[in-house]
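Enquirer: What shape does this take:
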Amino acid sequence: MAFQETIEQTVKGLGYALVDIERTGGGLLRVTIDLPYVPGVEQFINAEDCEKVTRQLQFVLEVEGAEYSRLEVSSPGIDRPLKTEQDFERFAGEMIDLTLKAPIGSAAAAGSTVSASRKKFRGTLERAEPQAGAGSSAGWQIVWSEEPAVKPGQKVSKNRIPAPLQALGFTLDEIQQARLAPVVDFKGRRTKLAPVADATASNPADAHPEHSPEIIQKGRLVK
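Expert: Numbering: from 1, shown residues only. So this is what the prediction gives:
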């Protein structure tokens, strides 16, 4: 049985969902878990959950003869990776950091301020409707503004014209990496996420605004 499959089956067998597996320098094996997604229900991983999975994985990996020096099992935290269609459904409306496998190229239409060589974006994740005549199904888009962030205490003129919103349509197979943006407010909370948990530590998280954009999709900017 493949190494990743062994870990995934063990995690699922205990009633949890596997979010990510990462091997780092020094032999660290990091396994990120979550509770199975139930729409409309908030469920959070705690230290006891992580300890339970750690004990079982240690046993299973020893039997399998897996090589690692240290095992770390934790909850996703504020920069949770998004990998599956269900992840994107679950976190639609959240602020994410998106890295594409390739630059957007011709999607940076003439007159757009977006560079054709750009691969990284931060914005709101939204479900995208298919464009008329495009012959494609609905997908996903990331929506953002180049408007500089307003600093605490900074006065903003009522006459200031805000920067236009833009949106980049994408499919999951075009993504190199997608994560929830680790953005926190002054109270240190993200409205839809729980603190990160492992056997010993925790961290907090936060939310974001909604948008209504211009769209960069399939090689063109749609006004």
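
Enquirer: what ranges do the strands span in the protein?
Expert: 17-24, 28-34, 70-74, 95-100, 120-128, 139-145, 165-170, 175-180, 196-197, 202-203, 215-217, 220-222 (DSSP state E).

Enquirer: center of the protein, which residue is that?
Expert: The centroid of the chain falls nearest to residue 179 when counting by CA atoms, centre = their mean (2.4 Å).

Enquirer: isn't that residue right up against residue 95?
Expert: No - between residue 179 and residue 95 there is no contact under CB atoms under 8 Å: 10.2 Å. The C-beta positions use only the backbone N, C-alpha and C, and glycine is treated the same way.

Enquirer: quick one: contacts of stretch 86-106?
Expert: 37, 39, 79-82, 114, 116-127, 140, 142, 168, 170, 172, 174-181, 183, 192, 207-208, 210, 216, 219-220 (CB atoms under 8 Å, 6 or more residues apart in numbering).

Enquirer: Give me the buried stretch members for that stretch, please.
Expert: Neighbour counts over stretch 86-106 (16 or more other CB atoms under 10 Å) mark 87, 88, 90, 91, 94, 95, 96, 97, 98, 100, 104 as buried.

Enquirer: Report how many residues lie close to residue 168.
Expert: 25 (other CB atoms under 10 Å).

Enquirer: So it is in contact with residue 140, correct?
Expert: No - using CB under 8 Å, residue 168 makes no contact with residue 140, being 9.4 Å away.

Enquirer: Helices of the chain, start to end?
Expert: For the chain, the helices defined by DSSP state H occupy 3-13, 47-64, 85-90.

Enquirer: Please convert those helices to TSV, extending it with distance to residue 148.
Expert: Below are the helices of the chain laid out as TSV (distance: least, CB to CB, whole Å):
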stretch	distance to residue 148
helix 3-13	42
helix 47-64	39
helix 85-90	28
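
Enquirer: got a list of what the residue of the chain most remote from its centre touches?
Expert: Most distant from the centre of the chain: residue 159, at 35.1 Å, with distances by CA atoms, centre = their mean. By CB under 8 Å, 6+ apart, the contact list for residue 159 is empty.

Enquirer: Could you report the pLDDT at it?
Expert: With respect to pLDDT, residue 159 scores 77.

Enquirer: now it: how far from residue 59?
Expert: 66 Å (CB to CB, to the nearest Å).

Enquirer: Residue 42 now?
Expert: From residue 42 over to residue 59 (counting by CB to CB), the distance is 31 Å.
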